[in-house]
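1. I'll drop the sequence and a predicted model, then ask my questions.
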Amino acid sequence: MSTVPLRFGIERLLEEPELRRPLQGRRVALLAHPASVTRDLTHSLDALAALPDIRLSAAFGPQHGLRGDKQDNMVESPDFTDPRLGIPVFSLYGEVRRPTDAMMDSFDVLLVDLQDLGCRIYTFITTLRYVLEAAARHGKSVWVLDRPNPAGRPVEGTLLQPGWESFVGAGSMPMRHGMTMGELGHWFIAELGLEVDYRVIPMSGWQPDAGPGFGWPLGERSWVNPSPNAPNLSMARAYAGTVMLEGTTLSEGRGTTRPLELFGAPDIDTTRLLADMRRIAPHWLQGCVLRACWFEPTFHKHAGQLCAGVQIHVEDPNHYDHGAFRPWRLQALAFRAIRLQRPDYPLWRDFPYEYERDRLAIDLINGGPLLREWVDDVNASPDALDAAAGRDETAWIAARQRFLLY
């Protein structure tokens with residue numbers, strides 16, 4: 001067991017003046033959100049502003065805003081001026097998703113301090129890609145102040161297929177990629193062939209394979225929601241599966257106190273659902289405990305209606321197995337069980353998803369139609385999906401290896 005104390009990238013930058021020396025005399029911007037905090041919960045923007053050798057010239061906020069002010073998905077944040085610092089705060093989830101020329105003119109070095117969840121669909125990694133591309137065009141520098149991937153190193157899901165790139169699909173990676181933001185920056189640069197001044201301020205003492213956190217320093221750090229419906233480590237662990245619920249008519253628990261840890265609807269039989277899941281592919285349910293439950297969302301899908309549901313429990317160290325838990329397969333299995341029970345069930349939600357109107361949300365989420373087609377094919381076996389995902393997972397593990405920093 002390493003005795004090196006855990007320090008995030010922001011803390012190393014604050015505590016080690018030699019790391020900041022290349023920033024002297026340059027205009028510095030920060031891309032951050034509410035979870036961009038130090039160990040004592042000082043926001044990174046405030047911590048950097050307190051340093052006499054840092055010249056802050058702008059700040060940027062991703063989806064949900066610098067301050068996390070937007071509760072629901074697909075709600076834009078405006079630009080504003082920070083009332084205390086007097087610097088512009090630009091929204092990268094407002095009128096634009098990619099930084100404009102005027103935004104890029106506001107700084108020389110962009111510090112990126114975003115807490116990720118380790119899932120391809122989580123849009124902060126897409127924003128990282130977009131700022132790297134813009135920095136390459138404008139000759140700007142990008143530094144990632146690295147943070148833990150709370151879902152750890154495991155990999156799961158099929159690779160995003162060519163032509164399926166979107167704001168929820170930044171590149172050809174699986175749903176659960178097992179990398180940090182800093183590592184992903186190196187991968188994006190190589191994958192896209194970018195020429196950009198890029199550096200990572202790495203963490204010290206991060207042990208992604210160590211329990212009980214397996215990626216998140218459980219018991220050592222406070223959890224701050226990186227987005228409003230990411231309230232805890234359990235959600236982060238389940239998210240690579242439960243995020244697919246956004247493309248269905250089933251509730252993902254938005255409007256409850258445990259969003260993206262549970263799923264359900266008023267018209268499903270959870271006793272039969274769980275029994276069928278265990279019959280069809282019991283090996284996909286390892287590493288966690290599933291509990292039948294009831295919930296009534298206060299907003300979003302099925303608001304005000306009593307839903308029969310299932311909660312995915314991954315918090316008890318006696319029942320949670322980090323290496324065995326496979327949330328993407330688990331959620332796919334739930335869809336499959338519903339489809340076999342009720343072939344005509346209106347499972348797939350047809351609505352504009354992240355400004356895409358011509359492709360089903362479930363396909364955008366999965367980076368192609370394979371999972372939906374597997375669910376809807378009554379003759380397809382679990383082995384078929386396992387084989388397709390297994391090939392992609394093996395390929396990704398090999399491809400990412402040279403970019404891993406820890």
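-> Happy to help now that I have it. These numbers were taken from a predicted model, which means no experiment stands behind them.
2. so residue 57, which of the three states?
-> What DSSP: H, G, I helix; E, B strand; the rest coil gives for residue 57 is strand.
3. Against residue 197, how distant is it?
-> 17 Å (CB to CB, to the nearest Å). (Each C-beta comes from the backbone N, C-alpha and C, glycine too.)
4. Give the buried residues for the lengthiest helix in the chain.
-> In the chain, with assignment by DSSP state H, the single longest helix is helix 382-400. Buried positions in helix 382-400, judged by neighbour count with 16 or more other CB atoms under 10 Å: 382, 385-386, 388-389, 392-393, 396, 400.
5. do the same with stretch 345-357
-> Result for stretch 345-357 [16+ other CB under 10 Å]: buried residues 345, 347-349, 353-354, 356.
6. Restricted to helices, list these.
-> Going by DSSP H, the helices hold none of the buried residues of stretch 345-357.
7. quick check, nearest of these to residue 314?
-> residue 347 (24.3 Å; CB to CB).
8. shouldn't that closest one be in contact with residue 340?
-> No - in this structure, residue 347 is not within contact of residue 340 by CB atoms under 8 Å, at 11.4 Å.
9. So for the two, which residues contact both of them?
-> The contact sets of residue 347 and residue 340 do not overlap (CB atoms under 8 Å, 6 or more residues apart in numbering).
10. which sections of this protein are below the confidence cut-off?
-> The chain contains residues with pLDDT under 70 at 1-3, 68-76.
11. Which stretches in it count as helices?
-> Counting by DSSP H, the helices of the chain are 9-15, 17-20, 44-49, 101-104, 124-138, 181-192, 233-242, 270-280, 327-341, 361-366, 370-376, 382-400.
12. what sits up against the second one?
-> Going back to what we said before, that points to helix 17-20. 12-13, 51, 53-54, 201.
13. at 10 Å what do you get?
-> 9, 12-14, 24, 28, 48, 51, 53-54, 143, 145, 199, 201 (CB atoms under 10 Å, 6 or more residues apart in numbering).
14. I figured residue 21 was touching residue 54, is that so?
-> No - proximity of residue 21 to residue 54 does not meet the contact threshold set by CB atoms under 10 Å, at 11.2 Å.
15. Of those two, which one has the most company?
-> residue 54 (19 against 9; other CB atoms under 10 Å).
16. how many other residues sit next to the residue nearest to the more buried one when sequence neighbours are not counted?
-> Spatial nearest neighbour of residue 54, chain neighbours left out: residue 48 (5.1 Å); criterion: CB to CB, 6 or more residues apart in numbering. Residue 48: 26 surrounding residues under other CB under 10 Å.
17. ok, back up a step: compare residue 57 and residue 197 (neighbour count), which wins?
-> Taking other CB under 10 Å, residue 57 and residue 197 do not tie; residue 57 has more neighbours (17 against 14).
18. From residue 111, how far off is that one?
-> From residue 57 to residue 111 the distance is 11 Å (CB to CB).
19. Quickly list what's touching both of the two.
-> By CB under 10 Å, 6+ apart, the residues touching both residue 57 and residue 111 are 28-30.
20. Mark which of those residues are buried, thanks.
-> With burial judged by 16+ other CB under 10 Å, the buried subset of the shared contacts of residue 57 and residue 111 is 28-30.
21. any chance of the residues you listed in TSV, with distance to residue 316 too?
-> Output for those, formatted as TSV (distance: CB to CB, whole Å):
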residue	distance to residue 316
28	43
29	42
30	38
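22. Please flag which of the residues you listed sit within strands.
-> Secondary structure assignment by DSSP state E places 28-30 of those in strands.
23. thinking again about what came up before, distance to residue 371 added to the contacts of helix 17-20, as a markdown table?
-> Shown next, in a markdown table, are those (distance: CB to CB, whole Å):
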| residue | distance to residue 371 |
| --- | --- |
| 9 | 34 |
| 12 | 39 |
| 13 | 40 |
| 14 | 43 |
| 24 | 50 |
| 28 | 42 |
| 48 | 42 |
| 51 | 47 |
| 53 | 50 |
| 54 | 45 |
| 143 | 36 |
| 145 | 34 |
| 199 | 37 |
| 201 | 37 |
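24. Show me which of those residues are buried.
-> 9, 12-14, 28, 48, 54, 143, 145, 201.
25. between the residues you listed, which is closest to residue 323?
-> Nearest to residue 323 among these: residue 9, at 26.9 Å, using CB to CB.
26. wait, isn't that closest one in contact with residue 185?
-> No - with contacts counted by CB under 10 Å, residue 9 stays clear of residue 185, the gap being 11.6 Å.
27. Can you give me the end-to-end span of stretch 66-81?
-> 12 Å (CA to CA, to the nearest Å).
28. how about the nearest residue to the residue nearest to the spatial centre of the chain, chain neighbours excluded?
-> Nearest residue to the geometric centre of the chain (CA atoms, centre = their mean): residue 122, 3.2 Å. Nearest residue to residue 122, sequence neighbours excluded (CB to CB, 6+ apart): residue 116, at 6.1 Å.
29. And for residue 25?
-> Leaving aside its sequence neighbours, residue 25 sits nearest to residue 55 (CB to CB, 6+ apart; 7.7 Å).
30. Now do the contacts for the nearest residue to residue 355 once chain neighbours are set aside.
-> Using CB to CB, 6+ apart and skipping the chain neighbours, the partner closest in space to residue 355 is residue 167 (7.2 Å). Applying CB under 10 Å, 6+ apart, we find residue 167 in contact with 63, 74, 93, 97, 121, 123, 126-127, 130, 353-356, 364.
31. Please tabulate the residues you listed in TSV and include distance to residue 216 as additional columns.
-> Shown next, in TSV, are the contacts of residue 167 (distance: CB to CB, whole Å):
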residue	distance to residue 216
63	21
74	27
93	25
97	28
121	19
123	20
126	22
127	21
130	26
353	28
354	27
355	31
356	31
364	28
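32. which of those residues lies closest to residue 156?
-> Nearest member of these to residue 156, counting by CB to CB, is residue 121, at 12.8 Å.
33. Is residue 179 in contact with residue 128, as I believe?
-> No - Residue 179 is beyond contact range of residue 128, at 11.3 Å (criterion: CB under 10 Å).
34. any shared contact partners between these two?
-> Contacts common to residue 179 and residue 128, judged by CB under 10 Å, 6+ apart, are 116, 185.
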